[in-house]
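Asks: got a sequence here, can you build the structure:
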Amino acid sequence: MKVSDGFWLTKNGYSVNWASQIYEAEADERSVTVYAATNFISNKGMTLGGPVLTIRFTSTLENSIKVNITHFAGAGAKKPVLPLNEDSAFCPTVKKYKGGYKLISGRTSVTVGKIGREWDISYHYGGRLLTKSGWRTTSLITEEEWHRQMTSREQAAEQFFSRSDSGGGSFVREMLNIAVGEYIYGFGEKFTPFVKNGQTVEVWNDDGGTCTEQSYKSVPFFISSRGYGVFVNHTEKVSFEVGSENVSKTAFSVQGESLEYFIFGGDTAADVIERYTALTGRPALPPPWSFGLWLSTSFTTDYDEETVTSFISEMKRRDIPLDVFHFDCFWMKEFEWCGFEWDKRKFPDPAAMLARLKEMGLKICVWINPYIGQRSPAFAECAEKGYFIKNRDGSVFQCDMWQPGMAVIDFTNPDAREWFAAKIRALADMGVDAVKTDFGERIPTDVQYHDGSDPFKMHNYYSYLYNKTAFEALESAKGKGNACLFARSATAGCQQFPVHWGGDCFSNYESMGETLRGGLSLCLSGFGFFSHDIGGFESTGTPDLYKRWTAFGLMSSHSRYHGNSSYRVPWHFDEESCDVSRHFVKLKGRLMPYIWANAVKTHLTGVPVMRAMMMDFGYDRSTLTVDTQYMLGDSLLVAPVFSEDGECSFYLPDCGIWTDIQTGEELHGGKWYTRKYDYFGMPLFAKPRSVIVYGDHHDTADYDYISNMRIVVYGIEDGGSCETTVYGRDISESVHIKATRSGNVIRLSVRGTDKPFTAESSQGLEIRT
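Replies: Numbers count the residues shown, from 1 in each chain. So this is what the prediction gives:
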């Protein structure tokens, strides 16, 4: 939210009251409360009138500081509120410090400056300055009445989906310092430049594709290259100015009379993500089969059981392992989405069909959304029972965007939620294993909810209730550890309900790059698993693009062929596409012990499987802005090829000798390289001092990862050691592997199994067990 006119002036229609003075402060055993005057008070007469901001600092989770800034306390809290894993028993250390106070949580602390002096707040981790706020930062913004009325009239002329504020006239804003050389990342799935410095970010879900500033997955969380993260605990629209108003500040504001945020400190970005997901929820662990290849009917293509079976049979004939088959929207009859009824014209006996497909060893996914078209038989039932979001006059909200006369399920109504969940459980009983939870972004705001929730706070939060309902329905039907979504919309906390995919991208290299940027930003926002439409969704790409995107897609945590108006089976592109698909599906299959181990770590710690280079190598400044490559797990660097000529530039961090896992080529870190690759190649480099375990893969990603392991030790120097853990499908079973080099011999310890394995060194060293 930009209200300044340069540094000294404010735009017409707004007034700003800055926290100017730490007028008073008081502390108890858990918190420090500061009363911030918006004028520097030098005599009693200056206490008469004018805003005073009350700022409370506390901690409800180790290595985090919770900050609440309040103007009018009587405004009260509105629903919904994101569930957080706060520890009410946690007790930070509070002490007086240099005339002010210091509150310490683990190694993270906040320092309140000297009482009676100018506004001065700073945050530290282990004695290292993270960020601070001072003069002309924390503030109350008031929109003047004439300007508010004009803005309201303009918004009323827009579509109901576009309104992102409640028309109130007060905003609370915080500004945190951006140090020289500091970079800001995150905010959910953002397709704009990866480093967010200089950008305005609006946390407001919308269905805008991958080529705009709009986002399917908006998260009010950012992470800094200086080792801290900030989560703004509001479900409504949050506006961020990342060096885009004051170029040395990250500003964030919400409408209303209070603002609450958490700041997390850590040694690395991974530490920060671990703390953030401890608060907002860890990702569930998707089932092993979900990491295999998914094949879709595509969207508007024509298909029936014969078509589906022919695709599956041809994949098998061509020896391209397939784990999941997905039915997109038209498994239901047109105009009747989402009534949960199969189109009997195309699928007269769906239960029998699914049984036949499952006999072929496949898992099944079907498309759903939270809207119901007026022509669907379910519409009348839901309208009669009050299961839809309502207009303010009590009538059912309807529109013609997407499905004619469609209404929107009200997930704040427990009965509506149970109705929706029961439909998913019925599909699961029929043989469906996963659901693609599409849409959930264009949620109206001029409406009312069953439980009285504020519609502006519900707009983003709707995706949380929608995906939670679907995930828990599958979990109840399939059992814990066997539920899997393919979700598009999301907000904070939705990482608990994986998997998430990147939405509607075009079939070109630019969109392939957009997709990766969006995925890296999402995974820096607490989301552990990410997928995308291989080959692009809109239009039909060239065989060249299809093959390059296949390599990228199979070296992602989750992999799906899906498109809009054309099939995405590889033989529809060219014969070589089939060979490339087979090559990378099998490579990923062999890597499953390594990928599964990293998925387990994601589930336990929140640190994502796919992550930006800065997360693991933030000490190397060359990694801080890289957005064309990533780490797949903790030990494998992946750099997709984004050009027709096969040329790829990539950076290897400065930590030793990296090894191409396909060719064995060894390259020194701390350098950029440019190479040309055929369609079966791409930069896939094992990190120095790493152990990668390959499995005995045959035709599915779900197999015994411990039996017949092939253990490869990469880039270990004399006197060095490295280790890893391999988990069975049941993660209670694990094998710990440690390699230690002495001269030209690597001593290998393998504990936790008596199953056969082989071991080798990428450097040709002798292995002794």
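Asks: for the stretch 451-600 of the chain, what spans make up the strands?
Replies: If you assign secondary structure with DSSP state E, counting those that start in this stretch, the strands in the stretch 451-600 of the chain sit at 500-501, 530-531, 533-534, 559-561.
Asks: list of residues touching the third one?
Replies: Among residues not part of strand 533-534, those counted as contacts by CB atoms under 8 Å, 6 or more residues apart in numbering are 501-502, 504-505, 546, 549-550, 552-554, 559-563, 568. For glycine as for every other residue, the C-beta is placed from the backbone atoms N, C-alpha and C.
Asks: what's the most distant pair in the residues you listed?
Replies: Between all members of the contacts of strand 533-534, the longest pairwise span (CB to CB) is found for 504 and 554 and amounts to 20.8 Å.
Asks: please say which of these two ends up with more neighbours.
Replies: Neighbour tally, residue 504 and residue 554, criterion other CB atoms under 10 Å: the higher count belongs to residue 554, 22 against 18.
Asks: how about the nearest residue to the more buried one, chain neighbours excluded?
Replies: residue 584 (3.7 Å; CB to CB, 6 or more residues apart in numbering).
Asks: please apply the same query to residue 422.
Replies: Among residues not flanking residue 422 along the chain, residue 473 sits closest, at 7.6 Å (CB to CB, 6+ apart).
Asks: likewise residue 724?
Replies: Residue 724's closest residue in space is residue 691 (CB to CB, 6+ apart), at 4.3 Å.
Asks: the one you found contacts residue 711, doesn't it?
Replies: Yes: taking CB atoms under 8 Å as the contact criterion, residue 691 and residue 711 are neighbours in contact, 6.4 Å apart.
Asks: what touches both of the two?
Replies: Taking CB under 8 Å, 6+ apart as the contact rule, the neighbours common to residue 691 and residue 711 are residue 737.
Asks: so what's the backbone phi/psi at the residue nearest to residue 356 when sequence neighbours are not counted?
Replies: Excluding its sequence neighbours, the residue lying closest to residue 356 (CB to CB, 6+ apart) is residue 309, at 7.7 Å. For residue 309, the backbone dihedrals (degrees, to the nearest 10) come out as phi -60, psi -40.
Asks: now the one 10 residues further on
Replies: Dihedral angles phi and psi of residue 319 (degrees, to the nearest 10) take the values phi 60, psi 40.
Asks: show me the contacts for the nearest residue to it once chain neighbours are set aside.
Replies: Excluding the flanking residues, the one nearest residue 319 by CB to CB, 6+ apart is residue 582, at 5.9 Å. Taking CB under 8 Å, 6+ apart, we find residue 582 in contact with 318, 319, 320.
Asks: and the gap between the first one and residue 121?
Replies: In this case it means residue 318. Here the criterion is CB to CB, to the nearest Å. By it, residue 318 lies 62 Å from residue 121.
Asks: helices along the stretch 451-600 of the chain, start to end?
Replies: Under the criterion DSSP state H, counting those that start in this stretch, the stretch 451-600 of the chain carries helices at the ranges 455-478, 509-523, 543-554, 575-590, 592-605.
Asks: report the buried residues of the first one.
Replies: For helix 455-478, a neighbour-count test (16 or more other CB atoms under 10 Å) marks 455-471, 473-475, 477-478 as buried.
Asks: just stretch 90-105 next, same as before
Replies: Buried positions in stretch 90-105, judged by neighbour count with 16+ other CB under 10 Å: 92, 94, 100, 101, 102, 103, 104, 105.
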